[in-house]
Each structure stands twice: as structure tokens, then as C-alpha cells.
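Q: no letters, just coordinates:
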């Protein structure tokens, strides 16, 4: 039985683990924090725009498990907000335990608080992942889904300082690029002004810190839109977002709140003193990031060069997925054929069981996303 080691327990990592397990592999997921899903714990948006088609395609291809979870965890379905149609909003407070139980039921080993810091490479093949405590996790095939966020020093250098986001680098240590450690130079994304990286595009507000009227609207409709005073409208801030489908002028002219268990504020950050000037937000408090009044996490700083089978260049047995696999124009953008061909949607990357993963693992490249 082939042994697959997945580095990173976000959405892409758990999708990769599930598919490898279904194909007959022994699977271990390494996650540096104490929870799975990573930025998925502040996500919450599903089935909007082209993602609806992508979801149904993946389900029909056999990759139903994670979509079943997000559907069951949805607080609202078939809602519209600027630039988005027929969206589902899953509860970020409930989804992670549901996903963790699913992996445990599938007999997928999960190593939490297990930060990868180095690799053991022999003749262009990875033999093992070195953890911070000195343990080495050996395997036959490795899948890097560590994302493109951080480490903390990058948020300090390219952002507005460490905002203590859901990734909690000060507590669990910064993310380490496995591909870079293995000798493959990572690609780095740039903003329109030439600076590196991009800000995560949303924050979470504690719903109980909002007025009862806004809470009731969120619970009933899933969406609250509050016009921004003309003097505070700043369209230039849209260029700093990761997801450009949220860079519409409506997102500069309005505060858009979505009900994902918390109140999801569709802005990279918003000054707290100005936020509390809105009616109903007088007592607003940030849940993620804690310093959401001044900044957010920085992403797109670590992308692995790879071919269209997701095999990382120059290495025989390292694959990649999620943001590590390439720049997202926005993971909820319309699912056009070019995006599908390149495999740049988290859930598409490792959800096709048509290929026998066990047999293809031994002879990389691995065409199991065709």
C-alpha cells in the first residue's frame, strides 16, 4: 500500500487526503495548528456563481464528501449579494469538527500541532518530512497544501503588521514552504503596484457585538448591506484584495456583512473607529483577524512551479494543491474551461477517483485530476 503524506490541513489538504484514501493509499495529514481547514474557518461561501457548477461536477465525479459537509453546515442557501448569485453560507463555527470527524471515520491519520520545518531529499525524491520536534514522517508520495500565506515576517514586511489571524503564526510557528526546502524556487505574486502578496479579503466580526436589528437581519436573510459615507469611499483599497471578484465598486461603496456563524465583513480590514460609526455597529468587535481594524494576513507569497498534473517541477514525488498550486483569480470566480484545465480551484484538484491513485503514485507524473 502506497503511503501518502499531505502537508497542510486546509480545504485542499483534506480533499487530497480523502481522494488518496479512497484510491487505496495509507494517508497522513500534517497540520501545524490545532485545527483543520485553515482559512476555511473564516471562509463560509459556497456554491456561488461558477462554484455551483464546479460543485456539481465534482460530486458527479465522485468527490462528494466535502460538499456534503458544507451543504449540511449551511446556514443560508440560494442568497444573492453584490457580484454573486445563488450562494450558500456554511457555518464556520461548525464545519471544522464535521470535517475532522469525516477524516477520522475514513481512517486518515491526522497529526495536529505538527509543524513541518524541513525535508529529506534523495535523488530528486522526497523521503520524509522533518517536523519541529525532530520526528520524520516518511512516505512514497507527498502533497504540499501549505498555502501561500505568511510566514509572520511576510505579513510584517508586505502588510500592515501581524494581525493575529486564524493561522496564528506567533502561537504555532510560521508556515514553511516544502517545495522551497526541497530546492525548488517558489513563485511570488504581485499586486498592481508591484508590491508582493495580497491581503486576505474578509474579516469576521463577533455577531453578538452587533445590534439586535442587524443580528436579526443576518439570521433571517444572511446578508446586510450598509452604505459607506461618501467621504470614506476608497476604491483604491480594492486592488489589495486576494479575491478580485470582491473588488467590485459595491465593496468600496458599502459594508457587506454575511452570516457565516460570525458576521463576515467583506473587506481586508476596516478602521475600528470608523466601523463603529455605522448604525448597529457601535460595539463591533473583530474575531478574525484580531487587528482587523488595521490589517489582515498576506497571501500569494509562495507558489510552487508545477505542471498541469500538479507535480512540482524537479521533484519526482511531490504534488501540490490549493493556493500552493497557483494564483487564484478568486476561488469563487466563474469556473471557465481555462481555470478548470489548470486545476486552480481547491476542490477540483484532488477529487476525481476515475484514475487509480495507487498505481499512478509509483510513476509520477500523476494524472489523477483528468
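A: All right, it came through fine. Remember, predicted model here, so these are calculated numbers, not experimental data. Numbering: from 1, shown residues only.

Q: could you pull out the buried residues of stretch 286-306?
A: 286-289, 291-293, 295-304, 306 (16 or more other CB atoms under 10 Å). C-beta here means a position set from N, CA and C on the backbone, and glycine is covered the same way.

Q: so how far is that stretch off the chain centroid?
A: 11 Å (CA atoms, centre = their mean, to the nearest Å).

Q: quick one: mean pLDDT for it?
A: The average pLDDT within stretch 286-306 is 94.

Q: equivalent analysis for stretch 84-91, please.
A: For stretch 84-91, the mean confidence score works out to 95.

Q: next one: stretch 213-229
A: 97.

Q: start to end distance for it?
A: End-to-end distance of stretch 213-229 (CA to CA, to the nearest Å): 20 Å.

Q: contacts for that stretch?
A: By CB atoms under 8 Å, 6 or more residues apart in numbering, the residues outside stretch 213-229 that reach it are 75-76, 79-82, 89, 207-208, 210, 252-259, 263, 278-281.

Q: now, which of the residues you listed lie within helices?
A: Secondary structure defined by DSSP state H assigns 252, 253 of these to helices.

Q: out of the contacts of stretch 213-229, which are inside strands?
A: 75-76, 79-81, 89, 254-259, 263 (DSSP state E).

Q: report the buried members of the residues you listed.
A: By 16+ other CB under 10 Å, the ones in strands among the contacts of stretch 213-229 give 75, 76, 79, 81, 89, 254, 255, 256, 257, 258, 259, 263 as buried.

Q: can you put those in JSON lines and add distance to residue 324?
A: Shown next, in JSON lines, are these (distance: CB to CB, whole Å):
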{"residue": "75", "distance to residue 324": "29"}
{"residue": "76", "distance to residue 324": "30"}
{"residue": "79", "distance to residue 324": "31"}
{"residue": "81", "distance to residue 324": "29"}
{"residue": "89", "distance to residue 324": "26"}
{"residue": "254", "distance to residue 324": "33"}
{"residue": "255", "distance to residue 324": "32"}
{"residue": "256", "distance to residue 324": "29"}
{"residue": "257", "distance to residue 324": "30"}
{"residue": "258", "distance to residue 324": "26"}
{"residue": "259", "distance to residue 324": "30"}
{"residue": "263", "distance to residue 324": "30"}
